[in-house]
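A.B. asks: Need a 3D model of the sequence below.
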Amino acid sequence: MLSTVRLTSWRSHRLYPGGQVQASDIEKVVRLSWEVTSEAKLEPWTDSKAWADTGLLGFQGRSEESRRALWARVASLGREAALCQRVASWLLEAPRETPPVVYMTMFWGSMGDDTWVSKFLHRAMAVGITRFVFMTPELGLLADCEHVSTHWQALGDSYRRLLCVRSFQPFARPYDVNNYAKFVLLPLLLSLGVHYAWLDADIYLARDPTQSLLRQAAEGVDVLTTDHFDETCLNHGVIFVRVSDRSLLWSMRYIRWLHEYPFGHDQNGWDAFLAHSIHNEPMVPTEPNVTLSVLDTAFEFLTLTGWAGEEVDLQRVQLLHMTRTTPIGVREKRERLMGLFQATLPGAGARSVPLEVEQRALLEQLLPLRRPKVVDKNSCYEGIHPAVEPAVFDQTYWQLFE
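C.D. replies: Take a look at the predicted model:
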């Protein structure tokens, strides 16, 4: 059973003890957040409704002055919190009034095209995303990221919109490196008073989705994510987490919880912990303690499974994720994505291509996907891996952690 768990667990049991961001780092940042608020004689609790809803960190998310004071304090920390210091210094580079949202993605290995990362990041810059973090364990991809950042500064950016970070963790299986990058900075960014957004690197951005995400989060939603065009299980290729005390605590519980449970695919654990489409697993929390809203996958946050729109609905499309509920090969994924990148990336010295060029290229991809909107979606939840399910039920699984 031990060998089975090693292959099916969401991540290696030795991964997080040596993570680049520790729980003690988060505690330190939260303590500094309180100190900054107190020293400035700010009283976030005067708005009792907002304070009850989002707490201290939510106040940081709403207060530019307090947020920047916190970043300055964290940027002056010693080397023991090197990544925290680096992220805070980078956040300070952007001008005031920059939306307090940080996007992230990661990439490693090869998908058959060495330009994949640079084209994805160029597209993110071209649509106007204001802050983006790219993580990778590979020096070559890190260099690609730095080149994109330098390119857009040469085109006139007043600050670095793109931060390139190398990840340094061992893992039990290749996919663990993706999940480490996806969640290791989530608690840190929330503690710094910014909303967290994740985009998988096989996504074509039709436009900057920031305002759409902020508008939906403003309705009191803590977590936004996608499901599928025709199925209910969650697909966390797109994530938005609203900054608040509650979401920070939830994110740290989630990392610890998913570290322990052996899901065959981590997004099934994402689904379970949010109590979305499954409620009868023995380990599912009785109360998620955050509110969830599923993003629209028929008209806005699309996949290759289907599009319910007409040409007039192109203005609603935020992105196209190169995945679907039936199997898709790497070659098809690559050809579709690279075709869109090739058609829409600006030429030398330009920051964009004409809107009609972008819309024509996107429409060519979407028209073959047209289907009526699915009202009654199928269930597709897989649960924990069947090889260890009996051990979870009879409690012997926990002997692995002793």
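
A.B. asks: Might you list the low-confidence residue ranges for the stretch 301-402 of the chain?
C.D. replies: Applying pLDDT under 70 to the stretch 301-402 of the chain flags the ranges 381-389, 392-393, 397-402.

A.B. asks: Please report the number of neighbouring residues for residue 125.
C.D. replies: Burial measure for residue 125: 22 neighbouring residues, criterion other Cβ atoms under 10 Å. (Each C-beta comes from the backbone N, C-alpha and C, glycine too.)

A.B. asks: Grab the nearest non-local neighbour of it.
C.D. replies: Spatial nearest neighbour of residue 125, excluding adjacent residues (Cβ to Cβ, 6 or more residues apart in numbering): residue 152 at 4.8 Å.

A.B. asks: distance of the one you found from residue 87?
C.D. replies: 19 Å (Cβ to Cβ, to the nearest Å).

A.B. asks: out of these two, which sits in the more crowded spot?
C.D. replies: Neighbour count, other Cβ under 10 Å: between residue 152 and residue 87, residue 87 has more, with 25 against 18.

A.B. asks: does that one count as helix, strand or coil?
C.D. replies: Of the three states, residue 87 takes helix under DSSP: H, G, I helix; E, B strand; the rest coil.

A.B. asks: Thought residue 192 was touching it, still the case?
C.D. replies: Yes - taking Cβ atoms under 8 Å as the definition, residue 87 is a contact partner of residue 192 at 7.0 Å.

A.B. asks: Need the residues touching each of the two.
C.D. replies: Between them, residue 87 and residue 192 share no contacting residue under Cβ atoms under 8 Å, 6 or more residues apart in numbering.

A.B. asks: what bridges to residue 205?
C.D. replies: With DSSP bridges applied, residue 205 shows beta-bridge pairing to residue 319.

A.B. asks: surely residue 237 meets residue 201?
C.D. replies: No - applying Cβ under 8 Å, one finds residue 237 not in contact with residue 201, separated by 9.3 Å.

A.B. asks: Grab the nearest non-local neighbour of residue 303.
C.D. replies: Residue 303 sits nearest to residue 321 (Cβ to Cβ, 6+ apart), 4.7 Å away.

A.B. asks: Okay, now the unreliable bits of this protein?
C.D. replies: Looking at the chain by pLDDT under 70, you get 1-18, 41-54, 80, 169-175, 262-264, 279-282, 381-389, 392-393, 397-402.

A.B. asks: any idea whether residue 196 is helix, strand or coil?
C.D. replies: Three-state call for residue 196 (three-state DSSP): strand.

A.B. asks: ok, it - how many residues close by?
C.D. replies: Residue 196: 25 surrounding residues under other Cβ under 10 Å.

A.B. asks: Name all residues that make contact with it.
C.D. replies: Shown in contact with residue 196 (Cβ under 8 Å, 6+ apart): 101, 102, 104, 185, 186, 189, 190, 239, 240, 241, 243.

A.B. asks: let's see 6 Å
C.D. replies: Contacts for residue 196 (Cβ atoms under 6 Å, 6 or more residues apart in numbering) come out as 186, 189, 241.

A.B. asks: Could you dump those residues into a markdown table with secondary structure, distance to residue 206 and neighbour count added?
C.D. replies: Below are the contacts of residue 196 laid out as a markdown table (DSSP: H, G, I helix; E, B strand; the rest coil; distance: Cβ to Cβ, whole Å; neighbours: other Cβ atoms under 10 Å):
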| residue | secondary structure | distance to residue 206 | neighbour count |
| --- | --- | --- | --- |
| 186 | helix | 25 | 21 |
| 189 | helix | 24 | 25 |
| 241 | strand | 22 | 25 |
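
A.B. asks: From these, pick the one nearest residue 373.
C.D. replies: residue 241 (26.8 Å; Cβ to Cβ).

A.B. asks: Look up how far residue 368 lies from the residue nearest to the closest one when sequence neighbours are not counted.
C.D. replies: Closest residue in space to residue 241, ignoring its immediate chain neighbours: residue 196 at 4.5 Å, by Cβ to Cβ, 6+ apart. For residue 196, the distance to residue 368 equals 34 Å [Cβ to Cβ].
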